[in-house]
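In: Here's a sequence, model it:
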Amino acid sequence: TDGISSLRWSPTSNLLVAGSWDNQIRCWDVQMNGTVVPKAAQGHDAPILACAWSQDGARVFSGGCDKQAKCWDLGSNQMVQVGAHDAPVRHMYWLQEMNCLVTGSWDKTIKYWDCRAPQPVCTVQLSERVYCMDATYPLLTVGTADRRLHVFNLQQPQKVFRDMESPLKYQSRCIANFPDKSGFCLGSVEGRVAVQHVEPANSGKNFAFKCHRENSSLDIWAVNWIAFHPKFG
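Out: Reported below is the predicted structural model:
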């Protein structure tokens, strides 16, 4: 009944979950013929901004403006709180290799959660609010409100591996790691995408391009999402 803020496909089936500004996270079964069958729904106390699947497809994580991270067990249809921030939770990813959930918030931190414990395993203070984030082990990339980019090697999750200024002039909107984890694409509100490599030795391959513009660039739209094909990149 309100805007959709986050969409995620199950890694093991044709289930799709969506978090929304109406405080609900909903799950649908998308049939091969395109028919969509509603399966279940759960709620937060405020708009939902992020959701993520566990690798086995059994659990869905969600977070939002109630400052909570929750885990929804689809088998039992039960939802429990597994984390919290001091401001809305903007992004989250399940890290199977570390058996933990990572969350990024407008409280200027990212936190790593063992879902069996009430306190975070690790908290990292950032320069500003988290506006965009992507995680593909061992690469975690975070874009903040001050146009900084914080790159983490998740083998040392408590330490920023590389800190750089955004190559784009305006607010960061989305970020997507390369399938080979050597870099990332960054989208901004100005209808532009930057292609960046993590290692300085590959900086010569970095570039940016304009997109989502019409009428000789008089009409410009934000780049709200970037995704790579899982097989073809």
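
In: pLDDT weak spots in the chain?
Out: The model of the chain has pLDDT under 70 over residues 217.

In: again, only this time at 90
Out: Applying pLDDT under 90 to the chain flags residues 1-2, 34, 214-218, 229-233.

In: which stretches of it form helices?
Out: Read by DSSP state H, the chain holds no helices at all.

In: Pretty sure residue 226 sits against residue 195.
Out: No: the pair residue 226 / residue 195 is not scored as a contact, 10.2 Å apart, by CB atoms under 8 Å. No exception for glycine: its C-beta is placed from N, CA and C like everyone else's.

In: Now do the shared contacts for those two.
Out: residue 185 (CB atoms under 8 Å, 6 or more residues apart in numbering).

In: how many neighbours does residue 7 have?
Out: Counted by other CB atoms under 10 Å, the residues lying close to residue 7 total 11.

In: again but with residue 168, I slipped
Out: Quick note: residue 168 (other CB under 10 Å) scores 22 neighbours.

In: Could you do residue 206 as well?
Out: Per other CB under 10 Å, the neighbour tally for residue 206 reads 12.

In: can you pull the contacts of the nearest residue to it once chain neighbours are set aside?
Out: Distances taken as CB to CB, 6 or more residues apart in numbering place residue 196 nearest to residue 206, at 5.3 Å, with adjacent residues excluded. Contacts here follow CB under 8 Å, 6+ apart; on that basis residue 196 touches 149, 167, 183-186, 206.

In: hmm, which of these are the buried ones?
Out: Buried subset of these (neighbour count, 16 or more other CB atoms under 10 Å): 149, 167, 183-186.

In: Tell me which of the residues you listed fall in strands.
Out: With strands identified by DSSP state E, the entries of the buried ones among the contacts of residue 196 that belong to them are 149, 183-186.

In: Include distance to residue 37 when you put those residues into CSV, please.
Out: Supplementary listing: those in CSV, determined by distance: CB to CB, whole Å:
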residue, distance to residue 37
149, 40
183, 39
184, 35
185, 34
186, 36
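
In: Between those residues, which sits nearest residue 201?
Out: residue 183 (11.7 Å; CB to CB).

In: Okay, that closest one and residue 215: tell me how far apart.
Out: Counting by CB to CB, to the nearest Å, the separation of residue 183 from residue 215 is 32 Å.

In: can you check residue 58 too?
Out: Note on residue 58: its distance to residue 215, by CB to CB, is 48 Å.

In: Tell me which of those two has more neighbours.
Out: For residue 58 and residue 215, the more surrounded residue by other CB under 10 Å is residue 58, and the numbers stand at 14 against 7.

In: now the more buried one: how far from residue 168?
Out: Applying CB to CB, the value for residue 58 to residue 168 is 38 Å.

In: same deal with residue 190?
Out: Residue 190 is 7 Å from residue 168, where distance means CB to CB.

In: for residue 233, same thing?
Out: 22 Å.

In: can you check residue 111 too?
Out: 27 Å.

In: And residue 4, by the same measure?
Out: Counting by CB to CB, the gap from residue 4 to residue 168 is 25 Å.
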